[in-house]
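Q: Return a 3D structure for these sequence lines:
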Amino acid sequence: MAKRERVVRMSVEQPLWRALTAYRVLTMVYAVLLFVFTRDKFERPWVAVAFLAVMSLWTLTTLPKVAGAAHCTRRFLVADLTLALTGILLTPLADADAQTHDGSTLPTIWTAGSVLAYAIKGGWRWAAFASSLVAIANIVERGDPSRDTLHNVLLVWVASIAIGYVVEVARASERTLARALEIEAATRERERLARDIHDSVLQVLAMVQRRGTALGGEAAELGRMAGEQEVALRTLVAGGLTRTSHVSEDESQGAVVRVVEEPDEPDGDDPADLRTLLAPYAGSRVTFSEPGAPVLLPPAAARELAAAVGAALDNVGRHAGEDARAWILVEDWPDEVIVTVRDDGPGIPDGRLAQAEGEGRMGVALSIRGRLRDLGGSADLISVPGQGTEVELKVPKARAARGKAGR
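A: Residues are numbered from 1 along each chain as shown. The predicted structure is shown next:
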């Protein structure tokens, strides 16, 4: 069964909500302690005590509201900002000298938490609205605002708008990343499906076309129809489908690889011996060289690597000629497995692979390189005209094991 990609989205703004939660608690404690140490200067301390009690109770009971965007509703934001504005405007009532010196307001810097909640929730426009109201309240509370008051008001206004803008940019980046991950997952799944189509349906249609043309009569008409369907399906695959199996021609058509019965797939999570999957490819014109000890890989990785070898041998049968021979060499290294498929055919002319991909013939691109890429490996093709072709397939063992664990 094909592995399905799962896109996990992480909210880039969640750390901001956690920081805001801590900020509100710390500034609440700061406001209370500031009053305790300066309570002698208040003419009506009971006003400050009443407000700070309400503010503290509100802060602690509404902590879940600032735990994330989903819980931070507009109604909460309005109530929270109203409480902050009320505290600012009540300051002269508690301290008659508040308008004659640059002392702190009752909520002090706790007010900035309300503005930041607007910024994180709604972006820079919401931040500008909330900070403007706070600025007006501070100016009204001071009566004749000093330069320090105006400086502090401007600082909160600019900082909140900047944070709101950063949040909007982060959200846009998060949406772009999520979309890119979805496209990548869908593309990888389509490539897997297209490899299956290439290795099975397309090769069968090509074989029917050649056989039908050779037999003539009604078979020739069937061959022509199969050829048309092959062209149409290749166009569809090139435009976006994907995945694979192994089907090839028999020796009567000059193919090096015969149609073989696929070996049983390993059960469960036990490692599979790659040698047993590659052994059926050996024949009169295919020499198979293997290590004396089992070459163990996760079952899915072993099947994909064997299918890539099958695709390489199919290309030998189709393009190297009837008398071509092929060799399969398996090397088991401590950190990777290397399988080399070499033939003594005429080689591949320069630019032929790019031309084949443009025509929708994507055997090398999808059936071989696509499989190895999904395993974290690589497929290197070396071909010299007149001296044959060599395909080297590498699969790192650590990456293959991780791929198995993530299934």
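
Q: Confidence-wise, which helix or strand of the protein is lowest on average?
A: helix 352-358 (a mean of 58; mean pLDDT, DSSP states H and E).

Q: now the helices: where do they sit in the stretch 1-150 of the chain?
A: 14-38, 45-61, 74-94, 110-122, 124-142, 147-197 (DSSP state H, counting those that start in this stretch).

Q: who's in contact with the closest residue in space to F35 that isn't next to it in sequence?
A: If you skip the residues right next to it in sequence, F35 has A48 as its closest partner in space, 5.4 Å away by C-beta to C-beta, 6 or more residues apart in numbering. Heads up, the C-betas are built off the backbone N, CA and C, glycines and all. Contact analysis of A48 by C-beta atoms under 8 Å, 6 or more residues apart in numbering lists F35, R39, F42, A94, D95, L106.

Q: Could you export those residues as JSON lines, including neighbour count?
A: Compiled in JSON lines, these are given as follows (neighbours: other C-beta atoms under 10 Å):
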{"residue": "F35", "neighbour count": "19"}
{"residue": "R39", "neighbour count": "12"}
{"residue": "F42", "neighbour count": "20"}
{"residue": "A94", "neighbour count": "24"}
{"residue": "D95", "neighbour count": "23"}
{"residue": "L106", "neighbour count": "29"}
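
Q: biggest separation within those, which pair?
A: Farthest apart among the contacts of A48 by C-beta to C-beta are R39 and L106. That separation is 11.9 Å.

Q: which regions of the chain sit below the pLDDT cut-off?
A: The chain contains residues with pLDDT under 70 at 1-12, 97-103, 144-146, 148-149, 190-203, 206, 228, 230-269, 350-367, 399-407.

Q: follow-up on the earlier one: which strands and helices sit next to the helix or strand just after the least confident helix or strand of the chain?
A: The helix or strand immediately downstream of helix 352-358 is helix 371-374, counting by DSSP states H and E. With contacts defined as 3 or more C-beta pairs under 8 Å, 6 or more residues apart in numbering; DSSP states H and E, helix 371-374 has these neighbours: helix 147-197, helix 299-319, strand 378-383, strand 389-396.

Q: Just the buried residues of helix 371-374, please?
A: R371, L372, D374 (16 or more other C-beta atoms under 10 Å).

Q: ok, so of those residues, who is nearest K121?
A: Closest to K121, out of all of the buried residues of helix 371-374 and judged by C-beta to C-beta, is D374, at 40.9 Å.

Q: Look up how far P298 lies from the closest one.
A: 13 Å (C-beta to C-beta, to the nearest Å).

Q: Kindly report the same for A69.
A: To P298, A69 is 40 Å away according to C-beta to C-beta.

Q: The two - which one has more neighbours?
A: Using other C-beta atoms under 10 Å, the more surrounded residue of A69 and P298 is P298, with 23 against 17.

Q: Touching, the more buried one and L274? I think so.
A: No: counting by C-beta atoms under 8 Å, P298 does not reach L274; the two are 10.6 Å apart.

Q: Quick one: neighbours of L305, just the number.
A: Neighbourhood size, L305 [other C-beta under 10 Å]: 27.

Q: Nearest residue to it in space, ignoring adjacent ones along the chain?
A: Once flanking residues are discounted, L305 sits nearest to V395: 5.6 Å by C-beta to C-beta, 6+ apart.

Q: same check, this time on V337
A: Among residues not flanking V337 along the chain, V395 sits closest, at 5.0 Å (C-beta to C-beta, 6+ apart).

Q: Double-check that neighbour against A308; I have them as touching.
A: No: V395 lies out of contact with A308 (C-beta under 8 Å); the separation is 9.2 Å.
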